[in-house]
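Enquirer: Turn this into a model:
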Amino acid sequence: MPQNELFQIIHKKPVEGGFSAVGGINIPTFFAPDAPEYADLRDKFVVHDIPILMDAMGLGDQPLPLIWTGDFIPADGPEPGSTIYIVGEFNCSCVGCSNFGAACGPNKSLVDVSDENYLEGMKLTKLVGMKAIEAGAYTRPLLSSNRAVSDTKTHPVHPLTPPDISYFLLKTH
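Expert: All right, here's what the predicted structure looks like:
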């Protein structure tokens, strides 16, 4: 989640014969934040639980981390066929962009990422950039002092808009 905005829900299953779905050794299925099959989890966690947890930690008046995850373990619910979700961890120190997962590993690159996952990954990285600007973590003086990164003649710098770095991240086939 980039701060308080749910971007995506990812269901990770271990690969065939695997025990764990962590560490990139998984088969991910990506869902939109409004996916109906996760509506109850989303509503309970994002709307209800996060404010309570932040208050319990004495952080109720603080922003959420720039990018973080809440990882859940599904379990059988009280009703036959129902599912409950148990928090496995909150992570804000080593968060990956799962849509780019196919680019991880020896001799891998963004070329190995499907076009659909590439576009979703770019949406996430853009959203994180916008959240950084909103948080004040990205400032105009930093940009305008580094002409090697931002040529203001071809890439004008606006105080509330991140530079277009897509030319550094182009996916080539």
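Enquirer: pLDDT of the top helix by length along the chain, averaged?
Expert: Longest helix in the chain by number of residues (criterion: DSSP state H): helix 115-134. Here helix 115-134 scores 92 as its mean pLDDT.
Enquirer: how about that helix: buried residues?
Expert: 117-118, 120-122, 124-125, 127-133 (16 or more other Cβ atoms under 10 Å). (C-beta placed from N, C-alpha, C; glycine too.)
Enquirer: again with stretch 42-52
Expert: Result for stretch 42-52 [16+ other Cβ under 10 Å]: buried residues Arg42, Phe45, Val46, Ile50.
Enquirer: and if you look at stretch 19-36?
Expert: Buried residues in stretch 19-36 (16+ other Cβ under 10 Å): Ala21, Asn26, Pro28.
Enquirer: Tell me the pLDDT of the residue lying closest to the second one once chain neighbours are set aside.
Expert: Closest residue in space to Asn26, ignoring its immediate chain neighbours: Lys12 at 4.1 Å, by Cβ to Cβ, 6 or more residues apart in numbering. As predicted, Lys12 sits at a pLDDT of 86.
Enquirer: Contacts only, for Lys12.
Expert: Neighbouring residues of Lys12 by Cβ atoms under 8 Å, 6 or more residues apart in numbering: Ala21, Val22, Asn26, Ile27, Pro28, Thr29, Ser98.
Enquirer: before we move on, the earlier item: narrow the buried residues of stretch 42-52 to those in helices?
Expert: Arg42, Ile50.
Enquirer: In TSV, list the buried residues of stretch 42-52 along with pLDDT.
Expert: Below are the buried residues of stretch 42-52 laid out as TSV (pLDDT from 0 to 100):
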residue	pLDDT
Arg42	93
Phe45	93
Val46	91
Ile50	93
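Enquirer: how about the buried residues of stretch 42-52 in JSON lines, adding distance to Gln62?
Expert: Shown next, in JSON lines, are these (distance: Cβ to Cβ, whole Å):
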{"residue": "Arg42", "distance to Gln62": "22"}
{"residue": "Phe45", "distance to Gln62": "18"}
{"residue": "Val46", "distance to Gln62": "17"}
{"residue": "Ile50", "distance to Gln62": "12"}
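Enquirer: which of the contacts of Lys12 sit farthest apart?
Expert: By the measure Cβ to Cβ, Val22 and Thr29 form the most distant pair in the contacts of Lys12, at 15.6 Å.
Enquirer: those strands in this structure, which residues are they?
Expert: 9-14, 26-31, 69-76, 83-91 (DSSP state E).
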